[in-house]
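[1] I would like to see how this sequence folds:
(chains A, B, C and D)
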Amino acid sequence: MSATLANLKKLSRNEMAKRVARDIPEGAYVNLGIGLPTLVANFLPEDREVFLHTENGLLGMGPAPKQGEEDPDLINAGKQPVTALPGAAYFHHADSFAMMRGGHLDICVLGAFQVSVTGDLANWHTGEPSAIPAVGGAMDLAIGAKRTFVVMEHLTKAGESKIVPTCTYPLTAKACVARIYTDLAVIDVTPGGLLVRDIVPGLSVSELAGLTKVALADGREPPAGA
Amino acid sequence: MSATLANLKKLSRNEMAKRVARDIPEGAYVNLGIGLPTLVANFLPEDREVFLHTENGLLGMGPAPKQGEEDPDLINAGKQPVTALPGAAYFHHADSFAMMRGGHLDICVLGAFQVSVTGDLANWHTGEPSAIPAVGGAMDLAIGAKRTFVVMEHLTKAGESKIVPTCTYPLTAKACVARIYTDLAVIDVTPGGLLVRDIVPGLSVSELAGLTKVALADGREPPAGA
Amino acid sequence: MIDKIKASAAEALSDVKDGATVMIGGFGTAGMPFTLIDALIAQGAKHLTVVANNAGNGDTGLAALLKAGRVRKILCSFPRQTDSWVFDELYRAGKIELEVVPQGNLAERIRAAGAGIGAFYSPTGYGTLLAGNRETRRINGRDYVLESPIQGDVALIRAHKGDRWGNLVYRKTARNFGPVMAMGARTTIAEVSEVVALGVLDPEAIITPGIFVQRIVKVADATGQQPSQE
Amino acid sequence: MIDKIKASAAEALSDVKDGATVMIGGFGTAGMPFTLIDALIAQGAKHLTVVANNAGNGDTGLAALLKAGRVRKILCSFPRQTDSWVFDELYRAGKIELEVVPQGNLAERIRAAGAGIGAFYSPTGYGTLLAGNRETRRINGRDYVLESPIQGDVALIRAHKGDRWGNLVYRKTARNFGPVMAMGARTTIAEVSEVVALGVLDPEAIITPGIFVQRIVKVADATGQQPSQE
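    Residues are numbered from 1 along each chain as shown, chains lettered A, B, ... in the order given. Predicted coordinates for the structure are as follows:
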């Protein structure tokens, strides 16, 4: 009767990125972090002008250059070669982080180890004693943008929920996450708790809550005509 | 026996400015405030490269433009038209005041109402109830430069010393003045008190102390061969 | 397609509210956005708090806004000038509130708002009347005053050239407060002498990236504006 | 005549002292001053505190300085990278002290030193391990951490072009920490690909005015430097 995880059609990494891209409106100033979130850029429609910011000093970042046209002086926060669009601007690090910390970015999309039910984010440190800590711009991004989106797998490889009552990994920032995109659902963090906005076919909100082990309310729009 | 003020040859405003200019070495970054201090620029030798800063956003300020070549977008802190030398740079107000407040200027030359024996400066407000207060960049300049020079008449029109035990006018900054240039003398503010470095001919240090009504030590170099 | 170029100053200023905090660029008349100020007067918003370096020159620009009785309070570093008669009269008549802010604190407080800084310890003004009742602190043997950000609802600035993404370059010392005010206001409106196509401005030389600018208005060149004297 | 152009990196670096705090520009290898770092290794100063965004890539540049055993402590935002093996080994062996600083705090703390700010309340890091025992404060409903300036004795940065007054322009995202480090260090030494005559750089487009730069060294172009991956 209930869907099992095995036969659920989870979203692929590209499908997750595409789902995030759907929610980024024209004219938005957006930072796509490093790793999975950077895939979002590939799914922004060509006719939608979105301003991509990379914290190492570029607004108006374009796609990866053609092979052979890489410029080692033109890279993104993940240190991969990128391009600059007409209308782009370069700036130094203090100005770049003023954009982030001053609330000028509309949206920032980050990966995560864990997100708590109150929107606390843990994405920089596993807390293992042997791990070398490295935070980069994660803490600045998490607190700076008007809305912080997280995109991540819903469950760890061991099957544990990455949405948790309280983060057990060291925090990146408190109460900063507005929306969570996983391979199973889209969930808003609200003052009243977590609200499911979208879910993969074949999975119910109560089944998702069972997997997630935290309270989830159904916040989906009723289907047209219902 | 003693020189009287009436027959003393006081320095003119230009002579005071020239005396200050003598102490500005090649390569110095200098802000000349507004009013009398700006005359100093006229006495810097042409072959001595000194970098003039104006807080409204220019380093490498040149002399006044020729008549008819004034540009309303190119002015100094006194809002007079100026020019920019080859090698000049424009910047915004936060960067400009970072230069001042961050201690990057070597010398700043300011006018004053009063300077105290400990180097407190009063130059922005007469304290009269009817006066409209206006400070501009005076407080930033006073505390920012590596050395703050004051250039002023030694006595008020009423014959009172402008070098005082304690300022009675509202302060611009505490303990900021390094050296005072007047129409009678050059005086250093030191931890041990005021030290006369130079004095107009015909006036003794003790006579100057009598006029000034504060303790002054003789800090002049002995004449060569003495 | 994003186009921040507005058809008129009136359109760009239409939503300024009574009681708003309006930052106005310029050092004296250099960089003063005369066209935008005229449009603000026509728009009619009142009880404004103005943040600017000076308190107006002659009878135009900021002085005209003051004269129209729209300004409740002004924060500035240098109100008193030889040609600030409009302000002087209002001030002496008790019709305008004045907060004098040292110029460096003014610039840095505006930047702080734009950069998300909660407050900062400034060396300027310590031990003076202008430190008021603010907290002080000795750090490594030097004394500082705790200064708060100044956040604008609207910034009106003048730049030289702009493009449809809001990128700006300025002209000489008319740059002054423009870039920090653009950072420190929720809505920044720039008047420019020239609108250029996207990509014309050198990305290495853009002074204010478009993220800090919401609207741009093309105006006639400001030739003939004479600098005023302090 | 003032001429900040030095004949060699060795000459420019000759007075770096043991125990100095050395800021090193660059984000990964973009903007890393390889020639100056090599000269610092040859110069021999030890027990250094290094301030940089990363902790070295591969075996050259900052990684080579670390490998030479000259660095006692490093302040950086992102030490761990796929090619940071030199740092990783020193760290695991307890041979280098690490202070991880969020990248925005790093940039702003360096700027604060350059701008004369005594300390500032930063929103970044509140409620996290990296806030350590620092003071916190709630301002207008938001929580902040009190952050102190980071002052360098020396900054080693890479720029694109420079002139004899020390004016600099950068190239694309290699600009990164260069301008703030130039502000935040007592002696800033820049390597540039090109030295130009005074007046060639557009005064509207100079990114670092010469007041922040004490010495310049012309180096061979850094072509062939490959970006590293995190």
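
[2] ok, which stretches of chain C are helices?
    C:9-13, C:34-43, C:62-67, C:85-92, C:103-115, C:178-184 (DSSP state H).

[3] low-confidence ranges in chain A?
    A:1-4, A:224-226 (pLDDT under 70).

[4] Strands of the chain, residue ranges please.
    With no chain named, the answer covers chain A. Under the criterion DSSP state E, strands of chain A are mapped to A:29-31, A:51-54, A:58-62, A:83-90, A:107-110, A:114-116, A:121-122, A:147-151, A:163-164, A:177-181, A:185-190, A:193-199, A:216-218.

[5] Chain C is the one I meant
    C:5-6, C:21-24, C:48-51, C:71-76, C:97-100, C:120-122, C:136-139, C:142-147, C:152-162, C:168-169, C:185-195, C:215-218.

[6] Could you spell out the sheet neighbours of the first one, each with its direction?
    I take that to be strand C:5-6. Using DSSP bridges, strand C:5-6 pairs in its sheet with strand C:215-218 (parallel).

[7] Show residues contacting the partner strand.
    For strand C:215-218, contacts defined as C-beta atoms under 8 Å, 6 or more residues apart in numbering or on different chains pick out C:4-6, C:8-9, C:12, C:35-36, C:162, C:164, C:166, C:168, C:187-195. Where C-beta positions appear, they are placed from N, C-alpha and C, glycine not excepted.

[8] And the buried ones among these, selectable in PyMOL?
    Of the contacts of strand C:215-218, the buried ones go into a single PyMOL selection, burial set by 16 or more other C-beta atoms under 10 Å in any protein chain shown:
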select buried, chain C and resi 4+5+6+9+12+35+36+162+164+166+168+187+188+189+190+191+192+193
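
[9] rewinding a little: can you put the helices of chain C in JSON lines and add distance to C:Ile24 and mean pLDDT?
    Below are the helices of chain C laid out as JSON lines (distance: least, C-beta to C-beta, whole Å; pLDDT from 0 to 100):
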{"stretch": "helix C:9-13", "distance to C:Ile24": "12", "mean pLDDT": "98"}
{"stretch": "helix C:34-43", "distance to C:Ile24": "7", "mean pLDDT": "98"}
{"stretch": "helix C:62-67", "distance to C:Ile24": "6", "mean pLDDT": "97"}
{"stretch": "helix C:85-92", "distance to C:Ile24": "13", "mean pLDDT": "96"}
{"stretch": "helix C:103-115", "distance to C:Ile24": "12", "mean pLDDT": "98"}
{"stretch": "helix C:178-184", "distance to C:Ile24": "8", "mean pLDDT": "98"}
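
[10] okay, the ones you listed, which one's buried deepest?
    Most buried of these, by mean neighbour count (mean count of other C-beta atoms under 10 Å in any protein chain shown): helix C:178-184, with a mean of 30.

[11] Which strands or helices does that helix pack on?
    helix B:93-101, strand C:21-24, helix C:103-115, strand C:152-162, strand C:185-195 (3 or more C-beta pairs under 8 Å, 6 or more residues apart in numbering or on different chains; DSSP states H and E).

[12] Can you show me the CA trace of that helix as CSV?
    The C-alpha trace of helix C:178-184 is given here as CSV (Å, rounded to 0.1, in the frame of the first residue of the first chain):
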residue,chain,number,x,y,z
GLY,C,178,27.5,58.0,-4.6
PRO,C,179,29.0,54.5,-4.3
VAL,C,180,28.4,54.2,-0.5
MET,C,181,24.9,55.6,-0.7
ALA,C,182,24.1,53.1,-3.4
MET,C,183,25.1,50.3,-1.0
GLY,C,184,23.4,51.8,2.0
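
[13] returning to that earlier point: now the strands of chain C as a markdown table including mean pLDDT?
    Shown next, in a markdown table, are these (pLDDT from 0 to 100):
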| stretch | mean pLDDT |
| --- | --- |
| strand C:5-6 | 98 |
| strand C:21-24 | 98 |
| strand C:48-51 | 98 |
| strand C:71-76 | 98 |
| strand C:97-100 | 97 |
| strand C:120-122 | 98 |
| strand C:136-139 | 98 |
| strand C:142-147 | 98 |
| strand C:152-162 | 98 |
| strand C:168-169 | 98 |
| strand C:185-195 | 98 |
| strand C:215-218 | 98 |
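
[14] Run the chain-centre distance for stretch C:115-130.
    19 Å (C-alpha atoms, centre = their mean, to the nearest Å).

[15] Also stretch C:132-147?
    26 Å.

[16] That one vs chain D: in contact?
    Yes: residues of stretch C:132-147 contacting chain D under C-beta under 8 Å from any C-beta of the partner chain: C:137, C:139-140, C:142, C:144.

[17] how about that stretch: buried residues?
    C:143-147.

[18] count of residues packed around whichever residue of chain A sits closest to chain C?
    For chain A and chain C, the shortest gap (C-beta to the nearest C-beta) falls at A:Pro86, measuring 2.9 Å. Residues near A:Pro86, counting by other C-beta atoms under 10 Å in any protein chain shown, number 14.

[19] Find the nearest non-adjacent residue to it, please.
    C:Gly199 (2.9 Å; C-beta to C-beta, 6 or more residues apart in numbering or on different chains).

[20] circling back: format the helices of chain C as a markdown table; extra columns: distance to D:Pro203.
    Below are the helices of chain C laid out as a markdown table (distance: least, C-beta to C-beta, whole Å):
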| stretch | distance to D:Pro203 |
| --- | --- |
| helix C:9-13 | 30 |
| helix C:34-43 | 25 |
| helix C:62-67 | 27 |
| helix C:85-92 | 33 |
| helix C:103-115 | 20 |
| helix C:178-184 | 16 |
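
[21] Test my guess that A:Lys174 contacts A:Asp120.
    Yes: if you go by C-beta atoms under 8 Å, A:Lys174 and A:Asp120 touch, sitting 5.2 Å apart.

[22] residues contacting the residue nearest to A:Pro86?
    A:86-87, C:163.

[23] again with A:Asn76
    Applying C-beta under 8 Å, 6+ apart, the residues near A:Asn76 are A:34, A:38, A:54, A:56, A:58, A:61, A:82.

[24] cool, C:Leu146 as well?
    C:119-122, C:134-137.

[25] Sweet, I'm off.
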